[in-house]
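Give me the fold of what follows.
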Amino acid sequence: MNKSQAINLLEGEGWTTADAKRALEKIDFKTNPDEITIRRAISHFAGFELINRQRLQAAQKGLVTKKTNELERKEKEYAAKIDQLINYQRQERDKRENEIQSSYDKNNLVEDRLKAITSQNKDLIVVNERLMKDNKDLKNLVDEIRLKLAINTKKILQYEDSEIRRAVIHLFKSTLG
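Residues are numbered from 1 along each chain as shown. Purely as a prediction, here's the structure:
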């Protein structure tokens, strides 16, 4: 029997390939050993040492399973945190967009008010200019009336008493229209 046949024999009995190779290391296959020789050579390996190895393998599988579970748990935690961060970022972006929209709306409202105020200001400037012109005209008229009153008063003062009365009546009639 050669080494590969011996490994196949042991694998058929539930051995792992690695354990079969380790158990067969001490056998010289140049002498073409039979199955009984192979079984005798592996008998010391098949006992306590194999059980220890299987226990170690089981412990290692347990550690691997534990690590795998821990990695999966951490992966889920990180995925949850990433989702939270994405949601938070989305909420913050929506909040900022709402703030920008609100600011934009307020800006438009202020702009409309500014246009209205500017329009009213222009109207008031036109009205003010008209009022200033009318005030100037009224002032000129009042000045003209004062001048006529002053001239007429000067003339009246030159008359005698009875003539003053007639002149004052004439003055009142002329000022009344």
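
use CA for all of it now, contacts and neighbours both
Will do.

all helices for the chain, in order.
Taking DSSP state H to define them, one finds helices in the chain at 3-12, 17-23, 35-44, 50-158, 161-176.

closest to Phe29 out of these?
Across those, Phe29 has its closest neighbour in helix 3-12 (6.5 Å, C-alpha to C-alpha).

Check which helices and strands the closest one sits against.
On a contact count with 3 or more C-alpha pairs under 8 Å, 6 or more residues apart in numbering; DSSP states H and E, helix 3-12 meets helix 17-23.

what comes up buried for the helix it packs on?
When burial is assessed from 16 or more other C-alpha atoms under 10 Å, helix 17-23 yields the following buried residues: Asp19, Ala20, Lys21, Ala23.

Among those residues, pick out the one closest to Lys139, please.
When those are compared for distance to Lys139 (C-alpha to C-alpha), Asp19 wins out at 125.4 Å.

Could I get the pLDDT score of the closest one?
On pLDDT, Asp19 comes in at 80.

What separation do you get for it and Glu25?
Asp19 sits 10 Å away from Glu25, going by C-alpha to C-alpha, to the nearest Å.

Quick one: low-confidence residue ranges for this structure.
46-50, 157, 159, 172, 175-177 (pLDDT under 70).
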